[in-house]
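>>> Fold the following and give me the result.
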Amino acid sequence: MAIADKVIKRLSPYCQRIEIAGSVRRNKPTVNDLDFVLIASDPWNLTHEITGLGPSTLKGDKLKRVSYNGVQLDFYYASPETWATLLLIRTGSKENNIRLATLAKKKGWHLAASGDGLFDEKGQRLAGDSEQSIYEALGLPYQEPEER
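Numbers count the residues shown, from 1 in each chain. Next comes the predicted model:
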């Protein structure tokens, strides 16, 4: 959490939003890496700050991976429209994501791992403006991150 707080403090001036996701958000005792979901407000300076954290690689246009003092940091770039779904997916757990995606598939729907939202068989967006909206659309009670 100390590293996450330090990184968030350093990057916040260049982000519209930034939040820790993954196992840290789920309050797990063991953490392998740190996952952040962010919406850039100043992309140029944000990139400069992220690359200043340590050796980095870009994986597609939505993920930047950095090695920070031996800890892997993954930064997932969201937009206001993809924020909630991307935060949900990147918070996990893997088992919870599989459960939600499987339930969506059984209904003929698709939960987009890209963060775009939950879509019906016609491609209409059903939910994704909040994490709660996805659970609600799937007919499930909302689960706090610690319960996932």
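>>> Report pLDDT for Asp116.
Asp116 is assigned a predicted lDDT (pLDDT) of 96.
>>> burial count for it?
16 (other CB atoms under 10 Å). For the C-beta atoms, the positions are set from N, CA and C on the backbone; glycine is no exception.
>>> Please report phi then psi for it.
phi -70, psi -20 (degrees, to the nearest 10).
>>> Could you double-check that it sits in contact with Gly123?
No. Applying CB atoms under 8 Å as the test, Asp116 and Gly123 come out as separate, 10.5 Å apart.
>>> Domain ranges for this protein, per the record?
2-77, 83-147 (automatic domain parsing).
>>> Once you drop chain neighbours, what's closest to Leu38?
Excluding its sequence neighbours, the residue lying closest to Leu38 (CB to CB, 6 or more residues apart in numbering) is Ile18, at 4.2 Å.
>>> Could you look up the SS state of that neighbour?
Following DSSP: H, G, I helix; E, B strand; the rest coil, the label given to Ile18 is strand.
>>> residue contacts, it?
Residues in contact with Ile18 (CB atoms under 8 Å, 6 or more residues apart in numbering) are 8, 11-12, 36-39.
>>> from these, which is closest to Pro29?
Pro29 lies nearest to Phe36 out of the contacts of Ile18, by CB to CB, at 19.9 Å.
>>> count of neighbours near the closest one?
Counted with other CB under 10 Å, Phe36 comes out at 26.
>>> mind checking how far the closest residue to it other than its chain neighbours is from Pro29?
Sequence neighbours aside, Phe75 is the residue nearest to Phe36 in space, at 5.0 Å (criterion: CB to CB, 6+ apart). Using CB to CB, to the nearest Å, Phe75 is found at 24 Å from Pro29.
>>> Dig out what Val37 forms beta bridges with.
Glu19, Tyr76 (DSSP bridges).
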